[in-house]
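[1] Let's see this in three dimensions:
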Amino acid sequence: MNKWIISAGVVLMLAACSSKPTNVNYYLLHQPASDSKQGSLDISALPAIHLRSLATPDYLKQRNLSLQTSNSELHFAPQHVWAEDFSNGFAMALSDTLVKTHKIRLHTQTQWTTPGQKEYILDIQLDDFIPTYDKKLVLKGTYRLELSNLSPQIVKFSFELPLNDDGFASSVSQMRELIDLLANDVVSRVEITN
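    Modelled structure (predicted):
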């Protein structure tokens, strides 16, 4: 009988030792820290782009961050997750760049435009947005930009950067740089008149 009690005690101790909590790291694609010098900014008079749709591949709909480990395999990191919905974080990062760098506001609500104000409509289809096995960060896809009285522009884009450092924190920081490149490309096709 004592053998059974000792065995059960050893099993319980081993189970307790092996079940320590897993640390989870959460990442934001947008930067919540804003330039404190900027303060409040009235964006109502800025030219507007309405982000009507943002389509993403299934692997970006996961909470876990992903990494391409070969030309056909992805790894989902169980301890590295998005702190918010990826699409929301992407739209917020794009909006931040457009407002701060280009003085263009991005919104997802059609009623945020002043009547008579010129507004572009933007649809984005992301095909890939991922760190790769060959130490690159890739952003690929297509966007459609239209103004009510003009033919829409359909643009295939492909941006990549070499990964500077290992780790997801560095990758997410560089993902923001790729969003900046996409914003610059969109702005290059927008006519700004004040």
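
[2] Next, the residue positioned nearest the centre of the chain: secondary structure please.
    Nearest to the mean C-alpha position of the chain, by CA atoms, centre = their mean, lies residue 90 at 3.4 Å. Taking DSSP: H, G, I helix; E, B strand; the rest coil as the rule, one finds residue 90 in the helix state.

[3] Share the number of residues neighbouring residue 169, please.
    12 (other CB atoms under 10 Å). C-beta: built from backbone N, CA, C; applies to glycine.

[4] Point me to the helix or strand that includes residue 172.
    helix 168-187 (DSSP states H and E).

[5] For that helix, what is the distance to the chain centroid?
    8 Å (CA atoms, centre = their mean, to the nearest Å).

[6] what's that helix in contact with?
    For helix 168-187, contacts defined as CB atoms under 8 Å, 6 or more residues apart in numbering pick out 25, 27-31, 49, 65, 67, 77, 80, 90, 93-94, 97-98, 101-102, 104, 122, 129, 131, 137, 139, 143, 145, 155, 157, 159-161, 163-164.

[7] Mind checking which of these are buried?
    Neighbour counting by 16 or more other CB atoms under 10 Å classes 27, 29-30, 49, 65, 67, 80, 90, 93-94, 97-98, 102, 104, 122, 129, 131, 137, 139, 143, 145, 157, 159, 161, 163 among those as buried.

[8] can you tell me which of those are in helices?
    Residues of these located in helices (DSSP state H): 90, 93-94, 97-98, 102.

[9] ok, so of those, who is nearest residue 57?
    The nearest member of these to residue 57, counting by CB to CB, is residue 90 at 12.4 Å.

[10] Check the gap between the closest residue to the closest one other than its chain neighbours and residue 173 for me.
    Excluding its sequence neighbours, the residue lying closest to residue 90 (CB to CB, 6 or more residues apart in numbering) is residue 29, at 5.8 Å. Look at residue 29 and residue 173: by CB to CB, to the nearest Å, they are 10 Å apart.

[11] quick one: buried residues of the helix holding residue 172?
    Residues 168, 171-176, 178-180, 182-183, 186-187 are the ones in helix 168-187 that count as buried (16+ other CB under 10 Å).

[12] Can you show me the CA trace of that helix as PDB?
    Taking C-alpha atoms only, helix 168-187 is exported to PDB below (Å, rounded to 0.1, in the frame of the first residue of the first chain):
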ATOM      1  CA  PHE A 168       9.000  38.300 -33.900                       C
ATOM      2  CA  ALA A 169       9.400  41.700 -32.200                       C
ATOM      3  CA  SER A 170      11.800  42.800 -34.900                       C
ATOM      4  CA  SER A 171       9.600  41.300 -37.600                       C
ATOM      5  CA  VAL A 172       6.500  43.200 -36.500                       C
ATOM      6  CA  SER A 173       8.500  46.400 -36.400                       C
ATOM      7  CA  GLN A 174       9.700  45.800 -40.000                       C
ATOM      8  CA  MET A 175       6.100  44.900 -41.000                       C
ATOM      9  CA  ARG A 176       5.200  48.500 -40.200                       C
ATOM     10  CA  GLU A 177       7.900  49.600 -42.600                       C
ATOM     11  CA  LEU A 178       6.300  47.500 -45.400                       C
ATOM     12  CA  ILE A 179       2.900  49.100 -44.600                       C
ATOM     13  CA  ASP A 180       4.600  52.500 -45.000                       C
ATOM     14  CA  LEU A 181       5.800  51.400 -48.500                       C
ATOM     15  CA  LEU A 182       2.300  50.400 -49.400                       C
ATOM     16  CA  ALA A 183       0.900  53.700 -48.100                       C
ATOM     17  CA  ASN A 184       3.500  55.600 -50.200                       C
ATOM     18  CA  ASP A 185       2.500  53.600 -53.300                       C
ATOM     19  CA  VAL A 186      -1.200  54.400 -52.800                       C
ATOM     20  CA  VAL A 187      -0.500  58.100 -52.200                       C
END
